[in-house]
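[1] With the sequence up front, the predicted model follows.
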Amino acid sequence: MSPPRLSTGLRPAFAGAAATCSGIGLSRFAYVPLFPAMVAAGWVSGAEGGVLGALNLAGYLLGVLGGRMIARRLGTARTLDLGMALAVLGFAACAANLGATWLASWRFVSGAAGGILMALAGPAVQGAVEPVRRGMAGGIVIGGVAIGIMAASGAVPAALALGIPATWLLLAGIVAALWAAVHRSWPDTPIPPPPSAGTRARSGILQTAYGLSAAGLVPHMVYFADLAIRGHGLSPAFGAALWLVFGAGGLAGTLLAGSLLGRLGALPAFRLWLALQVAALAAALSSSATLLSLSAFAGGFSTLGLTTIALARARELAGPGAGAVWVKATAAFAVAQAGAGFALAAIFARTGSHQSVFLAGLVLSGAALLVSFVGADRPAAEA
């Protein structure tokens, strides 16, 4: 089989950004400003809202683990279409308030959509563009998550004036429009064979540290707006503004990561962004509006920048086999987030304490930073 033709432009990267915007930026993060509104309207209790967030993370794991398998049968482009279709369906179904079980089931489906899109979009784009453009392309793809967060932080509070069902339907419409816009630009990179045993061993530290960092991110991803609004009595407008700041930080973090990777190298950058994640969790323990704003920016900056760097690190370790390494790292991310999501939901249900949730995130993030200094992985030769 001849190698795939590489794009000289960044069109595949922008299509990949639409996928991550839909599957993660909207399908996961639009729920954060919706969480307190759904509790206030009686759709779910605070504990049930936490479970909805945890089930979304569990669905993400299923999508990550199944995405490459589906792509081997359907092709990458058709599987990306499947992920977008599930994202639209998940949003539309949540417009019907048929009880917590119904909502939880469809949040699980939305998570699976995000897992499929995240597992495939980044590696497919990396394999479709010229090597010199891969750092920037990776930043653009992951930057789609930040754009989705920022869009949700503006659209969700405005749409809530029309009601919760209208908000869910608006989100479904946004994803459908993005899908229509980029459908013909999907990269259709073939799925490569699994990497060698040596590469799998070298990638273990990446997977462990990335997984621990993922667990540490759950407080920001699920509870941050609720912390500000119900935990500290700040206004819903301020909570929405914090989420906008989080998204702006994410966009800055992923684009800066994409541009600095060539100078710093993936591993030093990975450690630097983890240190910023620790700082973000520490700042969230304060009740100061200023420190919460800094936590929002640093949390977004580290969360999405770290994903860009992990994608580059996978390519650095495995070369053309990076897709399999990336899926395993993303699976570790998803397993850790799902486990942490349920554990933190239980802690929150028992204690009602946002502080306990964010302190747990701080400990997990610190552990990720320590693990990143274990060993000295050597990159594989690029092919």
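    Structure's in. What do you need? This structure is a prediction, so every number in the text was calculated from the model and none was measured.
[2] Tell me where the stretch 101-250 of the chain has helices.
    Using DSSP state H, counting those that start in this stretch, the helices of the stretch 101-250 of the chain run over residues 134-160, 164-182, 197-202, 204-218, 224-226, 236-264.
[3] ok, of these, where does mean pLDDT dip lowest?
    Of all those, helix 197-202 carries the lowest average pLDDT, namely a mean of 55.
[4] Pull out the buried residues from stretch 249-265.
    249-258, 260-261 (16 or more other CB atoms under 10 Å). C-betas here are computed from N, CA, C, even on glycine.
[5] low pLDDT regions in the stretch 1-150 of the chain?
    For the stretch 1-150 of the chain, the stretches with pLDDT under 70 are 1-9.
[6] And for Ala96, the neighbour number?
    Counted with other CB atoms under 10 Å, the neighbours of Ala96 add up to 12.
[7] ok, now Val132?
    Residues near Val132, counting by other CB under 10 Å: 9.
[8] swap in Phe29?
    30.
[9] thought it was touching Ile147?
    No - Phe29 lies out of contact with Ile147 (CB atoms under 8 Å); the separation is 10.7 Å.
[10] Now do the shared contacts for the two.
    Common contacts of Phe29 and Ile147, defined by CB atoms under 8 Å, 6 or more residues apart in numbering, comprise Gly247.
[11] what sits against Leu261?
    By CB under 8 Å, 6+ apart, the contact list for Leu261 reads 135, 138, 269, 308-309, 312.
[12] Ok, Gly216 next?
    277, 281, 340, 361-368.
[13] Apply 7 Å and report the result again.
    Counting by CB atoms under 7 Å, 6 or more residues apart in numbering, Gly216 touches 277, 281, 361, 364-365, 368.
[14] Please apply the same query to Gly163.
    Going by CB under 7 Å, 6+ apart, the list of residues near Gly163 is empty.
[15] Could you rerun that using 10 Å?
    37, 41, 95, 169 (CB atoms under 10 Å, 6 or more residues apart in numbering).
[16] With Ala331 instead?
    So Ala331 contacts 60-61, 64-65, 67, 115, 119, 207, 210-211 (CB under 10 Å, 6+ apart).
[17] again with Gly253
    Contact analysis of Gly253 by CB under 10 Å, 6+ apart lists 139, 142-143, 146, 273, 276, 297-309.
[18] pretty sure Ala112 is touching Arg28, no?
    No - with contact defined as CB atoms under 10 Å, Ala112 does not count as touching Arg28 (11.3 Å).
[19] what do the two both touch?
    Common neighbours of Ala112 and Arg28 (CB under 10 Å, 6+ apart) are 56, 59-60.
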